[in-house]
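[1] quick check, what structure comes out for this input:
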Amino acid sequence: MLKTFRERLVWLRSVSGALTLSQMSILAGLSRNHLGLLESGQRYDPDTTTIEELARVYGVSMDWLWRGIGNVPSPEHVRTSVLGARKRGTKRNRKAAA
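    This next block holds a predicted model:
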């Protein structure tokens, strides 16, 4: 279970609380197309910033998301992290406020 980056990424969004691909891409500051390619397995080489932003929104470590190192987060933890990310706003909004 959850052996690949793609599997972990798809699982995270599935337990996040009905988050669409578009909503997730906005929260992480990524294009919908880029995120869709990662989730479908058509792209295998995300950069560090992409992994960092996805891990931030989902509330998981970069090591777990990219390499599967560590414990699988609970669905409740993921939902809480996504809710917090929604309240904080998008990456673009945070940069504009700084």
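[2] need the mean per-residue confidence for the host helix or strand of E76.
    Applying DSSP states H and E as the criterion places E76 in helix 75-88. Across helix 75-88, pLDDT averages out at 94.
[3] show residues contacting it.
    The list of residues contacting helix 75-88 from outside it, by Cβ atoms under 8 Å, 6 or more residues apart in numbering, reads L12, V15, S16, G17, L19, L27, R56, V57, Y58, G59, V60, R94. All C-beta spots, glycine's among them, are computed from the backbone N, C-alpha and C.
[4] list the buried residues in that helix.
    Within helix 75-88, the residues scored as buried using 16 or more other Cβ atoms under 10 Å are V78, R79, S81, V82, A85.
[5] and that helix, how far from the chain's centre?
    Averaged C-alpha coordinates place helix 75-88 at 11 Å from its chain's average position (Cα atoms, centre = their mean, to the nearest Å).
[6] repeat that for stretch 68-77.
    13 Å.
[7] low-confidence stretches in this structure?
    Along the chain, segments meeting pLDDT under 70 span 90-98.
[8] once you drop chain neighbours, what's closest to the most centrally placed residue in it?
    Against the mean C-alpha coordinate of the chain, by Cα atoms, centre = their mean, the closest residue is L54 at 3.0 Å. Counting by Cβ to Cβ, 6 or more residues apart in numbering, L54 lies nearest to A28, which is 5.4 Å off, once chain neighbours are set aside.
[9] that older thread, tell me the one of the contacts of helix 75-88 nearest L37?
    L12 (16.1 Å; Cβ to Cβ).
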